[in-house]
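>>> Dropping the sequence and predicted coords here.
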Amino acid sequence: MESKQLKWIYLMGLALIWGSSFILIKKGLIGLSALQVGSLRIIFAAIFLLLIGFKSLSKIPKEKWKFIAITSMFGTFVPAFLFALAQTEIDSSVSSILNSLTPLNTLILGALVFGVSFERRQVWGVFIGLIGSLLLVFNGAMNHPDQNYYYAILVVIASVCYAINVNLIKRFLSDLSPLSITTGNFLVLLFPSLIILYFTSFADVVHVEKVQQAVVFIIILGVLGTGIANILFFKLIQMSSPVFATSVTYLIPVVAFFWGLLDNEILTSVQFVGAFIILIGVYLSAKK
């Protein structure tokens, strides 16, 4: 299959997986704290990846480990906790919308810091997608005045972290396999996450039924929404461009909204318009 077709398959697959991650975080927060959700997500992903990718670690040159460590912090560790904290106050669908700022941040950082060039059409695509995202955000805010939108800042910070991460991977780790990068990332993060989990007194509540139910959701989130998804994402970055790869964040809200509907979150007609505008932005930003 041609890479042009394959990259769209990866993009759609990631949108379905990551679009479902926000509802899994929401379900996890029913029985767990934000710190427990973030640390357990990383721990389960790390266990899964070490089981399937431990041998791939030997393919990482010593001089690359510093970039593995840096990308693990920006691409996984910090965002995992920021999203969990944000969703203690805002809806899962709103969180997914704000995540759509990632391509814009990728474009800005890529041009200003990493010297990456972009065509005018890609720039228009990013801004059109951003307009759709803002439409969704402001309409959601009007319909949910009881939510604390200061916590939305945490998602914006997470989107900046993602933007830094994809540019670093494209520039410094493109010669490594996605499995090696992902497994290396989570090997670095495993012990810090275990330490954080220990200090949340998780062992004292693990016997509670709602906690056990929440853990099931986080296992799915860790293995599928974090471990497998990161492998696909790194592969997508290598076969396309940072802007195209992060365009998945424009599709994620569409998936997240439908999950939100099933969980009694409200989707208005204006938000449907915003979702359509987002799709237009994805198409334009993908053109090279």
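Nice, thanks for sending it over. Numbers count the residues shown, from 1 in each chain.
>>> Please make it C-alpha for all contacts and neighbour counts, starting now.
OK.
>>> Where does the prediction get shaky in the stretch 101-250 of the chain?
The stretch 101-250 of the chain contains residues with pLDDT under 70 at 149.
>>> Going along the chain, name the helices of it.
With helices called from DSSP state H, counting those that start in this stretch, the stretch 101-250 of the chain shows them at 102-112, 120-143, 152-172, 178-199, 202-205, 209-220, 229-239, 242-246, 248-262.
>>> Any idea which of those helices gets closest to residue 284?
Of all those, helix 120-143 sits nearest to residue 284, with 4.4 Å by Cα to Cα.
>>> just the angle between the closest one and helix 248-262, please?
Interaxial angle, helix 120-143 versus helix 248-262 (axes from the mean of the first three to the mean of the last three Cα atoms, to 10 degrees): 30 degrees.
>>> Name the residues of helix 120-143 that are buried.
By neighbour count on 16 or more other Cα atoms under 10 Å, the buried set for helix 120-143 is 122-123, 125-137, 139-141.
>>> Repeat that for stretch 175-189.
Result for stretch 175-189 [16+ other Cα under 10 Å]: buried residues 176-189.
>>> so how far is that stretch off the chain centroid?
The chain centre lies 16 Å from the centre of stretch 175-189; the measure is Cα atoms, centre = their mean, to the nearest Å.
>>> which residues touch stretch 57-76?
42, 161-162, 164-166, 168-169, 172-173, 176, 180-181, 183-186, 188-189 (Cα atoms under 8 Å, 6 or more residues apart in numbering).
>>> redo that, cut-off 7 Å
161-162, 164-165, 168, 180-181, 184-186, 188-189 (Cα atoms under 7 Å, 6 or more residues apart in numbering).
>>> I'd like these laid out as JSON lines, including distance to residue 268.
Formatted as JSON lines, these follow (distance: Cα to Cα, whole Å):
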{"residue": "161", "distance to residue 268": "30"}
{"residue": "162", "distance to residue 268": "28"}
{"residue": "164", "distance to residue 268": "33"}
{"residue": "165", "distance to residue 268": "33"}
{"residue": "168", "distance to residue 268": "37"}
{"residue": "180", "distance to residue 268": "42"}
{"residue": "181", "distance to residue 268": "40"}
{"residue": "184", "distance to residue 268": "42"}
{"residue": "185", "distance to residue 268": "39"}
{"residue": "186", "distance to residue 268": "38"}
{"residue": "188", "distance to residue 268": "42"}
{"residue": "189", "distance to residue 268": "39"}
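>>> returning to what we had before: mean neighbour count, the helices of the stretch 101-250 of the chain: which tops it?
Ranked by mean neighbour count, the helices of the stretch 101-250 of the chain are led by helix 242-246 with a mean of 27 (mean count of other Cα atoms under 10 Å).
>>> Not counting sequence-adjacent ones, nearest residue to residue 158?
Once flanking residues are discounted, residue 158 sits nearest to residue 79: 4.8 Å by Cα to Cα, 6 or more residues apart in numbering.
>>> The one you found is in what secondary structure piece?
Residue 79 is part of helix 78-86 when elements are defined by DSSP states H and E.
>>> Would you mind finding the longest helix in this structure?
In the chain, taking DSSP state H as the definition, the longest helix is helix 3-28.
>>> That one vs helix 209-220, what angle?
Using the same axes, to 10 degrees: helix 3-28 against helix 209-220 is 170 degrees.
>>> Can you name the next helix or strand after helix 3-28?
Following helix 3-28 in sequence, per DSSP H and E, is helix 34-53.
>>> Name the next helix or strand following that following helix along the chain.
Following helix 34-53 in sequence order, the next helix or strand is helix 65-72 (DSSP H and E).
>>> Looking at the contacts of stretch 57-76, spot the one nearest residue 221.
The nearest member of the contacts of stretch 57-76 to residue 221, counting by Cα to Cα, is residue 186 at 14.4 Å.
>>> Go through the buried residues of stretch 175-189 and name the one nearest residue 56.
When those are compared against residue 56 (criterion: Cα to Cα), the nearest one is residue 180, at 5.0 Å.
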